[in-house]
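The sequence and its predicted three-dimensional model are supplied below.
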Amino acid sequence: MAVERTLSILKPDATKRNLTGAINKVFEDAGLRIVAQKRVRLTQDQAGAFYAEHKARPFYGELVSYMISEPVVVQILEGENAVLKHRDVMGATDPAQAAEGTVRKLYALSKGENSVHGSDSAESAAREIGFFFAQSEIPG
Ligand code: CMP
């Protein structure tokens, strides 16, 4: 298995409830290393562009307003098979469907306020890391 990197976001419902450390512990206990991390307030344009693929969905407007409602923490996680490992430890999008011990089972409030985002493939990870991090912020 290859060492990969993936893009992670701790969403507004998580930062608002002071869960950054608790969620990072779940990631680290799963063998993911946080190699870059910053807490930022997204602009409407940034949130809209990041979720552009969901533009036609009925929840798009709500998703963008939610993502700018409080700061988020954007992270680059590294580890063996990191994309899949991160998705496993996040759990299903809908917390009602999420497995025991996953971040969303532990902390998510709803399908929308679901505490975390993670890239869905190595290709998305590369694009999403480039969306949030300048080359100078990405460790070699
Ligand atoms: P995320 O992994 O960040 O990617 C798209 C996001 O859209 C998803 O997590 C959810 O937060 C959000 N989302 C998906 N389905 C719904 C829904 N039915 N209602 C509101 N938000 C949703």
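Arrived safely, thanks for sending.

Only C-alpha atoms from now on, for both contacts and neighbour counts.
Noted.

Next one, pLDDT for the closest residue to the ligand within the chain please.
At 3.5 Å from the ligand, Gly112 is the closest residue in the chain, using C-alpha to the nearest ligand atom. pLDDT for Gly112: 97.

residues in contact with it?
For Gly112, the contact set (C-alpha atoms under 8 Å, 6 or more residues apart in numbering) comprises Leu63.

Give me the phi and psi angles of it.
phi -80, psi -50 (degrees, to the nearest 10).

repeat for the one 5 residues further on
Dihedral pair for His117: phi -120, psi 150, per degrees, to the nearest 10.

For this protein, what lies in contact range of the ligand?
59, 63, 93, 111-114, 117-118 (C-alpha under 6 Å from any ligand atom).

Quick one: which of those is the most crowded by neighbours?
Asn114 (24 neighbours; other C-alpha atoms under 10 Å).

now, which of the residues of the chain next to the ligand lie within helices?
Leu63 (DSSP state H).

Confirm Lys38 sits in a strand?
Yes - counting by DSSP: H, G, I helix; E, B strand; the rest coil, Lys38 falls inside a strand.

Looking at it now. What's its pLDDT?
pLDDT, read off for Lys38, is 98.

I'd like to know how far it sits from Lys55.
26 Å (C-alpha to C-alpha, to the nearest Å).

same question, Thr15
25 Å.

Which one's more surrounded, the two?
Thr15 (17 against 14).

Now do the SS call for the more buried one.
Thr15 - assigned by three-state DSSP - is helix.

thought it was touching Val72?
Yes - counting by C-alpha atoms under 8 Å, Val72 is a contact partner of Thr15 at 6.4 Å.

name the helices or strands packed onto the strand or helix carrying Ala126?
Secondary structure assignment for Ala126, by DSSP states H and E: helix 122-132. Here helix 122-132 touches strand 3-10, going by 3 or more C-alpha pairs under 8 Å, 6 or more residues apart in numbering; DSSP states H and E.
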